[in-house]
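S.K.: quick one, fold the following:
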Amino acid sequence: MLDKPKVLVTRRQFSDQIIRLKEVAEVIYLERPLPPTPEELRNHVLDCSGIFAHITDLIDGGIMDSAGPNLKVIAEFGVGYDNINVKDASYRNIAVANTPGILTDTTADFAFTVLQSAARRIAESDRFVRNGNWKWFDPLDLLGLDIKGSTLGIIGFGRIGRSLAKKALSSGMKVLYFTRSQPNEDYGCFEVESLKDLLKKSDFVSLHCPLTDLTKGLIGKEEFSLMQKHAVFINTARGPIVDTDALTEALINKEISYAALDVTDPEPISSDHKLLSLDNVTILPHIASATVGTRRKMSEMTVDNIIAGLNGEVPPNCVNSDEISR
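M.R.: Numbering: from 1, shown residues only. A predicted model of the protein is given here:
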């Protein structure tokens, strides 16, 4: 009887999907919320044919070489895979796969939720009450922004950006977008010629582009200076797209009125960071896709990708299929 191939699962996952993997592989399961250190990752990946990876697992050529020549597939639990060096994987004929589509509406729902929450200063108002500051009704205290009639600027008009746009349009917002790829449909939104144009015209700005060499640090001091002083900035994409120091200063100096962040740089952000002392920012722990149904489906898709890779097939959601041979 042949030995089963080894698969490393780097974080706790749904038990039924671990059972599925165990039917076809010897599973090295790090059943904990804490991510592995680089040294732990190198040690545990030895002789593995597959890796069930998460966003905090930095997987480059060195990690791939630590796994050895049996490594066939790296499956990311998520749509973003900037933590995996795809070029290194393709060079070694390793398939890289992700979980697109399933988290689109969930993430867009979340982005619109935090947009509304920021507009009406919900988190700030909650702290106001908890801190014992609610003494009476004040007609001019904690005033927010109206959603209907305002302008939303979306940076990156892929699946999630377009889904958010539809929600915004149905709430009476005007939607502008700036994107590097031409969408199939814009639903009556307006494409702007430049990022600067979008920033100047938007009451709300929401990030939905992937983290790449081109987008790292895309939003910095100059960009915040172009935004309207009442504007709200939302990031549910990736932390390094934004210069954290520039964002902090923009909030302190009231260059923008509010920010709502589901991702930060660094991530997680330290408990003593200056951002956490500000009332005009909401920071959440990377939970945009965190619903039971969505995370379960993501786990299932990740296992599907791994099983296909172990069988010598191109995974159903392979991102480098044109660069590998099967």
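
S.K.: switch to C-alpha atoms for all contacts and neighbour counts from now on
M.R.: Will do.

S.K.: ok, longest helix in this protein?
M.R.: Secondary structure of the chain per DSSP state H: the longest helix is helix 292-310.

S.K.: measure the closest residue to Ile219 other than its chain neighbours to Leu207 for me?
M.R.: Closest residue to Ile219 apart from its sequence neighbours, by CA to CA, 6 or more residues apart in numbering: Val242 at 4.8 Å. Using CA to CA, to the nearest Å, we find Val242 at a distance of 9 Å from Leu207.

S.K.: buried stuff in stretch 16-36?
M.R.: Gln17, Ile18, Leu21, Lys22, Ala25, Glu26, Val27, Ile28, Tyr29, Leu30, Pro35, Pro36 (16 or more other CA atoms under 10 Å).

S.K.: what's the following helix or strand after the helix or strand where Tyr177 lies?
M.R.: Using DSSP states H and E, Tyr177 sits in strand 174-178. From strand 174-178 onward toward the C-terminus, using DSSP H and E, the following helix or strand is strand 190-191.

S.K.: now that following strand, how far from the centre of its chain.
M.R.: 24 Å (CA atoms, centre = their mean, to the nearest Å).

S.K.: got it, and stretch 75-87?
M.R.: Stretch 75-87 sits 11 Å away from the centroid of its parent chain (CA atoms, centre = their mean).

S.K.: before we move on, what about stretch 266-284?
M.R.: Computed by CA atoms, centre = their mean, the chain-centroid distance of stretch 266-284 equals 17 Å.

S.K.: buried ones in it, by neighbour count?
M.R.: Using 16+ other CA under 10 Å as the burial criterion, the residues of stretch 266-284 that qualify are Ile269, Leu275, Asp279, Asn280, Val281, Thr282, Ile283.

S.K.: end to end, how far does that stretch reach?
M.R.: 13 Å.

S.K.: cool, stretch 240-248 as well?
M.R.: In stretch 240-248, first residue to last residue: 14 Å (CA to CA).

S.K.: let's test this: mean pLDDT of stretch 315-326, rounded?
M.R.: Per-residue pLDDT over stretch 315-326 has a mean of 96.

S.K.: check stretch 224-237 too.
M.R.: 98.

S.K.: what is the end-to-end distance of that stretch?
M.R.: Note: stretch 224-237 ends 17 Å apart using CA to CA.

S.K.: give me the distance from it to the chain's centre.
M.R.: In terms of CA atoms, centre = their mean, the centre of stretch 224-237 is set 18 Å apart from its chain centre.

S.K.: by contact count, what packs against the strand holding Tyr177?
M.R.: Contact here means 3 or more CA pairs under 8 Å, 6 or more residues apart in numbering; DSSP states H and E; on that basis strand 174-178 packs against strand 151-155, helix 159-170, strand 190-191, helix 195-201.

S.K.: so where's the stretch 51-200 of the chain uncertain?
M.R.: Nowhere does the stretch 51-200 of the chain drop to pLDDT under 70.

S.K.: need the contact list for Leu226.
M.R.: Contacts for Leu226 (CA atoms under 8 Å, 6 or more residues apart in numbering) come out as Lys196, Leu199, Lys200.
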